[in-house]
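>>> I'll drop the sequence and a predicted model, then ask my questions.
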Amino acid sequence: MARLDYPRTAIITGADQGIGQATALALARAGFDVAFTWHDNAQGAADTKSAIEALGQRAAFAWLDTTDLPTCAPIIEGLAEELGSLGVFVNNVGVGLTCSVLEMEYLQWQRILDTNLNGAFLCLQAAARLLVAGGAGGRIVVVTSIHAHQPRYGFAAYCASKFGLDGLTKTLAVELSEHGITVNAVAPGEIATHLPATETRHPHEIPRPGIPLGHAGAAEEIAEVITFLASPAASYVTGASWEVDGGMAQMGAQGSSHLGNNDWRRATRRGTSLDH
């Protein structure tokens, strides 16, 4: 296994809940000091910080709205300064919108593209510059979506942003390779990050017949793949997009031949989150 020459410091965007929170804790368990951004859940951000510190690692956080584009880079730079270095950057922020192209307003489109792609570009650019300046290599992991590979009815803005983010990831992988920095994407499928409070079952216990493994994923399952890509074990992996979807992506042909009605034309996605 390759040595870990880059600092054991990581920044994650959007770690007040869901995949980001699970990733922050997974990286802390792997021995990283972790800084993160948050947006929606102040208590969740406080919980993430406390959990990182309970694992014996340093933690810092800052509020970030990635649609406020001029603030993106300074916040990433400030968190790196608090940590004292940067070894790993995880771009996790993402929101969804269920609306057909014919019905979508431009401001809706712009919000999704700014949140998922334009703000992400500025955060990734800032992190890449910090890693290059550090001179010790590093890791970048970008959380995209299975819909960075496959479109879905009613997901125009979401798919456009995630397809774009996937292309940006691959380009960064080529451009940063000479600096010893790997850049990879993780493309989650249906991840049960927004189950109602009344739902006490583990995601694996909730049947999802259209997914080959038969259930949605848990945030921790995405976090483990991200942590692997941030580790020395993934030293020869770059420019890849890892589908972590329980086999969902393999159902395209089967789905098209087995759908018995036009319900799929409804711009809805029951029982799932559009976080990624």
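Received the coordinates, thanks.

>>> going forward, measure contacts and count neighbours with C-alpha atoms only.
Noted.

>>> Show me where the stretch 151-276 of the chain has its strands.
Secondary structure of the stretch 151-276 of the chain (DSSP state E, counting those that start in this stretch): strands at 181-188, 241-244.

>>> For the shortest one, C-alpha coordinates in PDB please.
What follows is the C-alpha trace of strand 241-244 in PDB, where atoms were taken according to Å, rounded to 0.1, in the frame of the first residue of the first chain:
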ATOM      1  CA  SER A 241     -16.800   7.500 -11.200                       C
ATOM      2  CA  TRP A 242     -17.900   4.900  -8.700                       C
ATOM      3  CA  GLU A 243     -21.500   3.900  -8.900                       C
ATOM      4  CA  VAL A 244     -22.700   3.100  -5.400                       C
END
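
>>> now for that strand, which elements pack on it?
Applying 3 or more C-alpha pairs under 8 Å, 6 or more residues apart in numbering; DSSP states H and E, we find strand 241-244 packed against strand 181-188.

>>> go on, the longest one?
Under the contact criterion of 3+ C-alpha pairs under 8 Å, 6+ apart, the helices and strands touching strand 181-188 comprise strand 138-143, helix 156-176, helix 219-229, strand 241-244.

>>> Could you tell me the angle between that strand and strand 138-143?
Using axes from the mean of the first three to the mean of the last three C-alpha atoms, to 10 degrees, the inter-axis angle of strand 181-188 relative to strand 138-143 is 20 degrees.

>>> Relative to His258, how far out is the nearest residue to Pro209 once chain neighbours are set aside?
Spatial nearest neighbour of Pro209, excluding adjacent residues (C-alpha to C-alpha, 6 or more residues apart in numbering): His215 at 7.2 Å. Shown here: His215 relative to His258, a distance of 19 Å by C-alpha to C-alpha, to the nearest Å.
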